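> Provided below for reference: sequence and predicted model.
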Amino acid sequence: MELQKMNGHSRDDGFDGLDAMAEHDEFLPHKAGVKKDKDSHFTDFEGKTSFGMSIFNLSNAIMGSGILGLAYAMSNTGIILFIILLLSIAILSAYSIHLLLRSAGVVGMRAYEQLGNRAFGHPGKLLAGSIITVHNIGAMSSYLFIVKSELPLVIQAFMGRDDATGGEWFLNGNYLIIIVSTAIILPLALMKQLGYLGYTSGFSLSCMVFFLISVIYKKFNIPCPMPDFHNTTDDIGHNDNNGMNVTDDFCEAKLFTYNSQTAYTVPILAFAFVCHPEVLPIYTELRDATKKRMQGVANVSILAMFVMYLLTALFGYLTFFGNVESELLHTYIKLGPHDVLVLCVRLAVLVAVTLTVPVVLFPIRRALLQILFPEKPFHWARHIGIAFSLLFVVNLLVIFVPSIRDIFGLIGATSAPSLIFILPGIFYVRIVPEEQEPLMSRPKIMAACFAGLGFVFMIMSLSFIIIDWTSGESRSMGGH
């Protein structure tokens, strides 16, 4: 692919004078003197999104349905091990974004697929686009799966009913996700620029902050042990009067622990921090874009989500301990279907995940445009058609796949390490010229090791999950 002109400097086969520009100049020309070049590139236009709105969009891309499973993850690792894993994934995510931005600075491109093309030609472009598509379709499916399962229960609770025996259409999750997709998600997904979603992303984050505050509040208002949990434990073989294990262990926080479910913890945490497909589109639309400024957006977003994830997991775990469900909201339902605060929290989470879907859809559409129509200018028919087709496919998956848990685990164990570790590492090694950094230089060795860590992570995660499947052990949705 022919490389761009950058800020009036022609780029030939070499990389002369590139060091300073890659790190400090804006990659995409939007000055008056380079207007002619702007018309020929898919991603070239003047960034208009503020620093704060970019943080909202990237934070919203990071935060997703994975936050509901973090308390369960902590129950299967222990507090200390969970914090170590969470902090490690957060730091590695920030480093991988640094590699992405550095690679993008070298070639003057801000699309993941273009980096793949620059590193490995057309196969690299197809690989990057395919991984982004699969991963984000999985993420969109997980969000809509929450809408499918939770929205009927919320409507039912608002109506003051204990069951949905009438079979009304408005209590059918399949109908509801179609309505939500058509009335809310599709109009937002049709916006031309991702930056416009900053306001909805901010509102979505506010809903999740309310969720976090409620989790903390409930920790100090729910007794331990809860009678229902005690009875559930009795039902599986501890119904004698000598309940030492139940009494001693139920309200005891574990610092380190391991069981069959621990294998899912690292994929869940990795999946929870994947925002890399959205990084370059957000960078493209950032006002006064530089690598340092975009890295600041990424660091603030990752730090905010790290704090939010940690507090949610910690207080959720310290509320229910070993009996926390794999989806935290399901655990609170045991307090009673008509608990007003829990009902409001469930509604807030529904709003948050619904408003996150359009942000996740943008990178898929960009990947498909880069693969199928790389030289075509923007056209509303393609813009609308791809958004509609993606939502149609995702709705079919959510309607006909009975459980998304195993798919979620597989995606977290394959596409997540590819996007966080492998692709940024190998792109950096291939793209950054040896004139700037020799192959055996420290940055390239670190990037290569980083990519290798991703392969190790993928193999170990897949191995643990396959062993768990073949062992025949119970992988129920409840806690232990």
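Ah, there it is. Numbers count the residues shown, from 1 in each chain.

> C-alpha only now, for contacts and for neighbours.
Fine.

> low-confidence stretches in the stretch 1-150 of the chain?
Counting by pLDDT under 70, the low-confidence segments of the stretch 1-150 of the chain come to 1-47, 65, 109-110.

> pop out the phi and psi values for residue 49.
Residue 49 adopts backbone torsions of phi -80, psi 130, taken as degrees, to the nearest 10.

> next up, the contacts around the closest residue to it other than its chain neighbours.
Counting by Cα to Cα, 6 or more residues apart in numbering, residue 49 lies nearest to residue 286, which is 4.8 Å off, once chain neighbours are set aside. By Cα atoms under 8 Å, 6 or more residues apart in numbering, the contact set of residue 286 is 47, 48, 49, 50, 51, 54, 195, 294.

> just give the number of residues close to residue 307.
13 (other Cα atoms under 10 Å).

> mind giving me the packing neighbours of the strand or helix carrying it?
Per DSSP states H and E, residue 307 falls inside helix 291-320. With contacts taken as 3 or more Cα pairs under 8 Å, 6 or more residues apart in numbering; DSSP states H and E, helix 291-320 sits against helix 18-24, helix 51-62, helix 70-75, helix 79-107, helix 198-219.

> how about the fourth one: buried residues?
Taking 16 or more other Cα atoms under 10 Å as the neighbour-count basis, helix 79-107 is seen to contain the buried residues 79, 81-83, 86-87, 89-90, 92-107.

> closest one to residue 327 among the helices and strands packed on helix 291-320?
Proximity to residue 327 (Cα to Cα) singles out helix 70-75 among the helices and strands packed on helix 291-320, at 7.3 Å.

> what's that closest one packed up against?
Packed against helix 70-75 by the contact rule (3+ Cα pairs under 8 Å, 6+ apart) you find helix 265-272, helix 291-320.

> contacts for it, please.
Under the contact criterion Cα under 8 Å, 6+ apart, helix 70-75 has outside partners 82, 254, 257, 262, 264-265, 268-269, 309, 312-317, 321-322, 324-328, 479.

> so for residue 340, which of the helices and strands packed on helix 291-320 sits nearest?
Judging the helices and strands packed on helix 291-320 by Cα to Cα, what sits closest to residue 340 is helix 198-219, at 11.2 Å.

> what's the average pLDDT for the closest one?
Averaging pLDDT along helix 198-219 yields 88.

> that one: which residues count as buried?
Across helix 198-219, burial judged by 16+ other Cα under 10 Å covers 198, 200-205, 207-209, 211-212, 214-216, 218-219.

> ok, now stretch 265-282?
Buried, per 16+ other Cα under 10 Å, within stretch 265-282: 265-282.

> how far is that stretch from where the chain is centred?
4 Å (Cα atoms, centre = their mean, to the nearest Å).

> do stretch 317-328 as well
Remark: stretch 317-328 is offset 22 Å from the chain centroid, using Cα atoms, centre = their mean.

> how far does that stretch stretch from one end to the other?
This stretch, stretch 317-328, spans 9 Å end to end (Cα to Cα, to the nearest Å).

> where does the prediction get shaky in the stretch 151-300 of the chain?
Scanning the stretch 151-300 of the chain for pLDDT under 70 picks out the ranges 162-166, 225-250, 260, 263-264.

> give me that answer again for 80
Applying pLDDT under 80 to the predicted model, the residue ranges of the stretch 151-300 of the chain that meet it are 159-167, 193-196, 223-252, 259-272.

> show me where the stretch 151-300 of the chain has helices.
Chain-ordered helices for the stretch 151-300 of the chain, with DSSP state H, counting those that start in this stretch as the definition, fall at 173-180, 186-189, 198-219, 227-235, 244-250, 265-272, 276-285, 291-320.

> out of those, which gets nearest to residue 130?
helix 276-285 (11.3 Å).

> and that closest one, what does it pack onto?
Applying 3+ Cα pairs under 8 Å, 6+ apart, one finds that helix 276-285 makes contact with helix 51-62, helix 79-107, helix 340-372.

> need those helices in JSON lines with distance to residue 466, can you?
Shown next, in JSON lines, are the helices and strands packed on helix 276-285 (distance: least, Cα to Cα, whole Å):
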{"stretch": "helix 51-62", "distance to residue 466": "27"}
{"stretch": "helix 79-107", "distance to residue 466": "21"}
{"stretch": "helix 340-372", "distance to residue 466": "28"}
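
> do you know which of those helices lies nearest residue 304?
helix 51-62 (7.6 Å).

> if we can go back for a sec, wait, which of the helices of the stretch 151-300 of the chain is closest to residue 384?
Closest approach to residue 384 among those (Cα to Cα): helix 186-189, 8.4 Å.

> and that closest one, how far from the chain's centre?
Worked out by Cα atoms, centre = their mean, helix 186-189 lies 19 Å from the chain centre.

> next one: stretch 425-434
Centroid separation for stretch 425-434 versus its chain: 25 Å, with Cα atoms, centre = their mean.

> that stretch - what's its average pLDDT?
In this model, stretch 425-434 carries a mean pLDDT of 91.

> buried ones in that stretch, by neighbour count?
Here stretch 425-434 shows 425, 426, 427, 428, 429, 430, 431, 432 as buried, counting by 16+ other Cα under 10 Å.

> that older thread, ok, the residue nearest to residue 49 to residue 54 distance?
Applying Cα to Cα to residue 286 and residue 54 gives a distance of 7 Å.

> what do these two both touch?
The contact sets of residue 286 and residue 54 overlap at residue 195 (Cα under 8 Å, 6+ apart).

> determine how far stretch 443-460 lies from the middle of the whole chain.
For stretch 443-460 - counting by Cα atoms, centre = their mean - the centre lies 20 Å from the chain centre.

> cool, and stretch 206-220?
20 Å.

> which outside residues touch that stretch?
In contact with stretch 206-220 (Cα under 8 Å, 6+ apart) are residues 308, 311-312, 315-316, 318-319, 341-342, 345, 348-349, 351-352.

> picking that back up, would you turn the helices and strands packed on helix 291-320 into TSV with distance to residue 470?
Output for the helices and strands packed on helix 291-320, formatted as TSV (distance: least, Cα to Cα, whole Å):
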stretch	distance to residue 470
helix 18-24	49
helix 51-62	32
helix 70-75	21
helix 79-107	26
helix 198-219	35
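
> show me the contacts for residue 222.
So residue 222 contacts residue 319 (Cα under 8 Å, 6+ apart).

> that one and residue 286: what is the separation?
According to Cα to Cα, residue 222 and residue 286 sit 44 Å apart.

> then residue 456?
As judged by Cα to Cα, residue 456 and residue 286 stand 34 Å apart.

> what of residue 344?
Distance of residue 344 to residue 286, computed by Cα to Cα: 34 Å.

> please apply the same query to residue 171.
For residue 171, the distance to residue 286 equals 41 Å [Cα to Cα].

> next one: residue 419
Distance of residue 419 to residue 286, computed by Cα to Cα: 21 Å.

> do the same with residue 221
Taking Cα to Cα, one finds residue 221 at 43 Å from residue 286.

> quick one: closest of the helices of the stretch 151-300 of the chain to residue 360.
Closest approach to residue 360 among those is made by helix 276-285 (7.3 Å; Cα to Cα).

> how about the closest one as CSV, C-alpha atoms only?
C-alpha atoms of helix 276-285 as CSV (Å, rounded to 0.1, in the frame of the first residue of the first chain):
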residue,chain,number,x,y,z
HIS,A,276,-7.6,-2.2,21.2
PRO,A,277,-9.9,-2.3,18.1
GLU,A,278,-11.4,1.0,19.3
VAL,A,279,-8.0,2.7,20.1
LEU,A,280,-7.1,3.7,16.6
PRO,A,281,-10.6,4.9,15.5
ILE,A,282,-10.7,7.0,18.7
TYR,A,283,-7.2,8.2,17.9
THR,A,284,-8.3,9.2,14.4
GLU,A,285,-11.0,11.4,15.8
